[in-house]
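K.L.:
Predicted structure and sequence below. I'll ask about it afterward.
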Amino acid sequence: MSGGASDSVELRAGQVAFVAANGRTAKRAGASAQTLMGLVHGQLVFDDVPLSTVAAELGRWFDAQIRIPDQQLARRRLSAVYNRPTLSGVLDAITATLPVRYRRAGNVVTILPAKP
């Protein structure tokens, strides 16, 4: 490409990469073929991934900052499919599934253990 950034990413079987609006490519940890099919159909799909990965994906989908200060909590694993997701709907579903709560201030969400 002349005059622009050009990235290349080498992928192995089972790996996924995405091209951002700025043309940069990057591998996506925790992404799978099931995740890609979900994206095509307007779903968020997580298959046994750490909550930190879920938080990163929610941040991308909803242009939000999702924070998990508790590292043990960030490692908790989650499998779920969210149809026509909203940030509040996904967060509410996560709190019904895992022992967590969240605080939201504008576009900043902090996920915390259920008990203070």
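P.N.:
That came through, no problem.
K.L.:
Any regions of this structure where pLDDT drops low?
P.N.:
1-7, 9, 11-42, 116 (pLDDT under 70).
K.L.:
at 80 instead, please
P.N.:
1-43, 116 (pLDDT under 80).
K.L.:
In stretch 106-116, which residues are buried?
P.N.:
Within stretch 106-116, the residues that count as buried by 16 or more other CB atoms under 10 Å are 109-111. All C-beta spots, glycine's among them, are computed from the backbone N, C-alpha and C.
K.L.:
and it, C-alpha only, in CSV?
P.N.:
Output of stretch 106-116 as CSV, limited to C-alpha atoms (Å, rounded to 0.1, in the frame of the first residue of the first chain):
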residue,chain,number,x,y,z
GLY,A,106,-20.9,7.1,31.9
ASN,A,107,-18.9,4.9,29.6
VAL,A,108,-16.7,3.5,32.4
VAL,A,109,-17.8,0.2,33.9
THR,A,110,-16.1,-1.4,36.9
ILE,A,111,-16.8,-5.1,37.5
LEU,A,112,-16.3,-6.1,41.1
PRO,A,113,-16.8,-9.2,43.3
ALA,A,114,-20.5,-9.5,44.4
LYS,A,115,-19.6,-9.0,48.0
PRO,A,116,-17.7,-5.7,48.9
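K.L.:
Which of the buried residues of stretch 106-116 fall within strands?
P.N.:
109-111 (DSSP state E).
K.L.:
Distance to Ala96 for those residues - can I get that in JSON lines?
P.N.:
Output for these, formatted as JSON lines (distance: CB to CB, whole Å):
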{"residue": "Val109", "distance to Ala96": "16"}
{"residue": "Thr110", "distance to Ala96": "18"}
{"residue": "Ile111", "distance to Ala96": "13"}
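K.L.:
Let me know the closest of those to Ala55.
P.N.:
Ile111 (6.6 Å; CB to CB).
K.L.:
Which residues lie in contact with that closest one in this structure?
P.N.:
51, 55, 66-68, 73, 91, 94, 100-102 (CB atoms under 8 Å, 6 or more residues apart in numbering).
K.L.:
Which residue ranges of the chain form helices?
P.N.:
Along the chain, the stretches classed as helices by DSSP state H are 33-40, 51-62, 71-74, 87-97.
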